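Peer 1: Please work out how this folds:
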Amino acid sequence: MERYFTYKNYLTRTYGNPVYRVGVDAGFSCPNRDKQRRGGCIYCDAYGSTAAYQRTRESAATGGLHGARELVDPCAPVCMEERLASITEQVNRGITFLVRRYRASRFMLYLQAFSNTYAPMDELQALYSHALSLHPFCGFIISTRPDCVDPEIARFISSFRNQVDEVWVELGLQSAHDATLAFLNRRHTVYDVANASHLLRDEGIRMTFHVMLGLPGEGENERAQTEEFIQRIHPDGLKIHNLHIPLGTPLLEAYKSGEYAVPGTSTHVEHTAKMLSRIPGDVVIQRLVCDTPRHRLTVPRNFAAKGAFLIELRRYLEYHDIWQGKSLGWARDQVGKGRAEV
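Peer 2: Numbers count the residues shown, from 1 in each chain. Model prediction:
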């Protein structure tokens with residue numbers, strides 16, 4: 001019996017077999033960046049969260065603090081014709097990769113890189129419709145910022161529910177502490193996240209929060225504040241990231257100046273376990289650790305690989321008899337079943 005509600009279990013339970021996300025960079029920027037994607041949050045590099053199999057123009061780099069070379073900034077397509085052609089190429093590439101690697105047969109379209117609602121409505125309509133027309137996707141996932149969701153956007157996204165089995169929106173929360181958000185140059189507030197969440201929920205859209213553990217200036221009190229916010233909003237999914245610093249980010253310069261430390265594997269295991277115990281047991285845990293490619297990563301260089309981290313986390317949960325929602329009254333056999341113990 002799993003000690004947390006894994007995304008794999010959710011998908012298998014929902015669809016009867018594994019489902020794979022096809023990550024696509026649709027050429028969006030975000031309010032924190034210009035049209036050439038310069039600027040942004042202090043931890044975000046020029047590639048954003050583009051899927052590894054889509055980074056075909058990424059140059060080689062050594063990673064680490066010493067002797068690392070800057071990556072060549074990716075050139076996002078500008079005109080609509082180029083963007084549509086790029087989406088077609090990426091969908092085909094992604095499906096081919098996932099079939100070859102995992103023998104995948106069912107797919108969700110995942111608009112992954114940057115803020116995928118940051119555009120005029122006619123532009124969103126053209127890009128979304130084209131992307132969904134390329135394959136019989138069973139799901140549609142849109143990653144964006146909370147300040148890029150308004151009532152019109154929420155209604156528009158909901159209109160795609162008749163084309164796929166489920167529509168998800170991923171929102172970058174990172175922290176429920178406004179001072180931390182200001183430090184990160186997020187340029188939105190916790191209230192913005194709550195407001196976007198209510199708009200999406202009212203339209204029947206599933207919702208995932210991204211949070212980051214180990215942020216500068218945050219301790220037990222700030223993490224508790226984030227956990228309480230998640231409990232109150234109760235998103236459908238959660239992605240947990242460990243603080244890490246890619247090449248070419250403002251955060252790297254602050255780290256080099258000695259302003260703060262970056263937590264290692266054991267600390268992230270402990271903090272993740274504590275957070276899981278305070279997350280409702282029906283929230284799908286879609287991520288527990290970052291997987292930034294090593295050649296783009298400066299710190300922490302000795303962090304455990306994803307598989308090794310998950311093994312260490314499971315051992316920690318077993319040793320301390322922790323499971324998702326335990327601190328909130330969830331029985332272990334109810335994790336993932338949508339019912340809390342009262």
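Peer 1: Going by C-alpha atoms from here, please, whenever you check contacts or count neighbours.
Peer 2: Fine.
Peer 1: Following element in sequence after the helix ranked longest in the chain, please.
Peer 2: Across the chain, the longest stretch assigned as helix under DSSP state H is helix 80-102. Per DSSP states H and E, the first helix or strand lying C-terminal to helix 80-102 is strand 107-111.
Peer 1: And the contacts of that following strand?
Peer 2: Outside strand 107-111, the residues that touch it by CA atoms under 8 Å, 6 or more residues apart in numbering are 19-26, 95, 131-132, 137-143.
Peer 1: Show me what that strand pairs with in its sheet, parallel or antiparallel.
Peer 2: strand 20-24 (parallel), strand 139-144 (parallel) (DSSP bridges).
Peer 1: quick one: that strand to helix 80-102, angle?
Peer 2: Here the directions of strand 107-111 and helix 80-102 differ by 140 degrees (axes from the mean of the first three to the mean of the last three CA atoms, to 10 degrees).
Peer 1: now the helices for this protein?
Peer 2: Counting by DSSP H, the chain has these helices, from start to end: 7-15, 80-102, 121-133, 151-158, 178-183, 190-202, 220-233, 250-256, 265-277, 306-319.
Peer 1: Just list what the last one packs against, helices and strands only.
Peer 2: The elements that helix 306-319 packs onto, with contact taken as 3 or more CA pairs under 8 Å, 6 or more residues apart in numbering; DSSP states H and E, are helix 265-277.
Peer 1: Output the helix it packs on as CSV, nothing but the C-alphas.
Peer 2: In CSV, the C-alpha atoms belonging to helix 265-277 read as follows (Å, rounded to 0.1, in the frame of the first residue of the first chain):
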residue,chain,number,x,y,z
THR,A,265,18.9,15.1,-0.3
SER,A,266,18.3,14.2,3.4
THR,A,267,16.9,17.6,4.2
HIS,A,268,14.5,17.5,1.3
VAL,A,269,13.4,14.0,2.2
GLU,A,270,12.6,15.2,5.8
HIS,A,271,10.7,18.3,4.6
THR,A,272,8.8,16.4,1.9
ALA,A,273,7.7,13.7,4.4
LYS,A,274,6.5,16.4,6.8
MET,A,275,4.6,18.1,4.1
LEU,A,276,3.0,14.9,2.8
SER,A,277,1.7,14.2,6.3
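Peer 1: Trp323: what's it in contact with?
Peer 2: Going by CA under 8 Å, 6+ apart, Trp323 touches Arg3, Tyr4, Ala273, Leu276, Ser277, Leu317, Arg332.
Peer 1: I'd like to know how far it sits from Arg33.
Peer 2: Distance, Trp323 to Arg33, using CA to CA, to the nearest Å: 39 Å.
Peer 1: What residues of stretch 199-206 count as buried?
Peer 2: Leu199, Leu200, Arg201, Glu203, Gly204, Ile205, Arg206 (16 or more other CA atoms under 10 Å).
Peer 1: need those residues in a markdown table with distance to Arg101 and pLDDT, can you?
Peer 2: Formatted as a markdown table, the buried residues of stretch 199-206 follow (distance: CA to CA, whole Å; pLDDT from 0 to 100):
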| residue | distance to Arg101 | pLDDT |
| --- | --- | --- |
| Leu199 | 37 | 98 |
| Leu200 | 34 | 98 |
| Arg201 | 35 | 97 |
| Glu203 | 36 | 97 |
| Gly204 | 33 | 96 |
| Ile205 | 30 | 98 |
| Arg206 | 28 | 97 |
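Peer 1: As a markdown table, those with distance to Leu213 would be great.
Peer 2: Conversion of these to a markdown table gives the following (distance: CA to CA, whole Å):
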| residue | distance to Leu213 |
| --- | --- |
| Leu199 | 26 |
| Leu200 | 25 |
| Arg201 | 26 |
| Glu203 | 30 |
| Gly204 | 29 |
| Ile205 | 26 |
| Arg206 | 23 |
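Peer 1: Let me see the contact set for Arg332.
Peer 2: Counting by CA under 8 Å, 6+ apart, Arg332 touches Arg3, Trp323, Gln324, Lys326.
Peer 1: Do I have it right that Pro300 meets Ala261?
Peer 2: No - in this structure Pro300 lies outside contact range of Ala261 using CA atoms under 8 Å: 9.5 Å.
Peer 1: Neighbour count for the two, which is higher?
Peer 2: Neighbours per residue (other CA atoms under 10 Å) separate Pro300 from Ala261, with Pro300 holding more: 20 against 14.
Peer 1: Could you find the closest non-adjacent residue to the more buried one?
Peer 2: In this structure, Pro300 finds its nearest non-sequential neighbour in His244, 6.2 Å apart by CA to CA, 6 or more residues apart in numbering.
Peer 1: Can you lay out the strands paired with strand 107-111 as JSON lines showing mean pLDDT, mean neighbour count and distance to Met108?
Peer 2: Below are those laid out as JSON lines (pLDDT from 0 to 100; neighbours: other CA atoms under 10 Å; distance: least, CA to CA, whole Å):
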{"stretch": "strand 20-24", "mean pLDDT": "96", "mean neighbour count": "24", "distance to Met108": "5"}
{"stretch": "strand 139-144", "mean pLDDT": "97", "mean neighbour count": "23", "distance to Met108": "4"}
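Peer 1: This completes my enquiry, with thanks.
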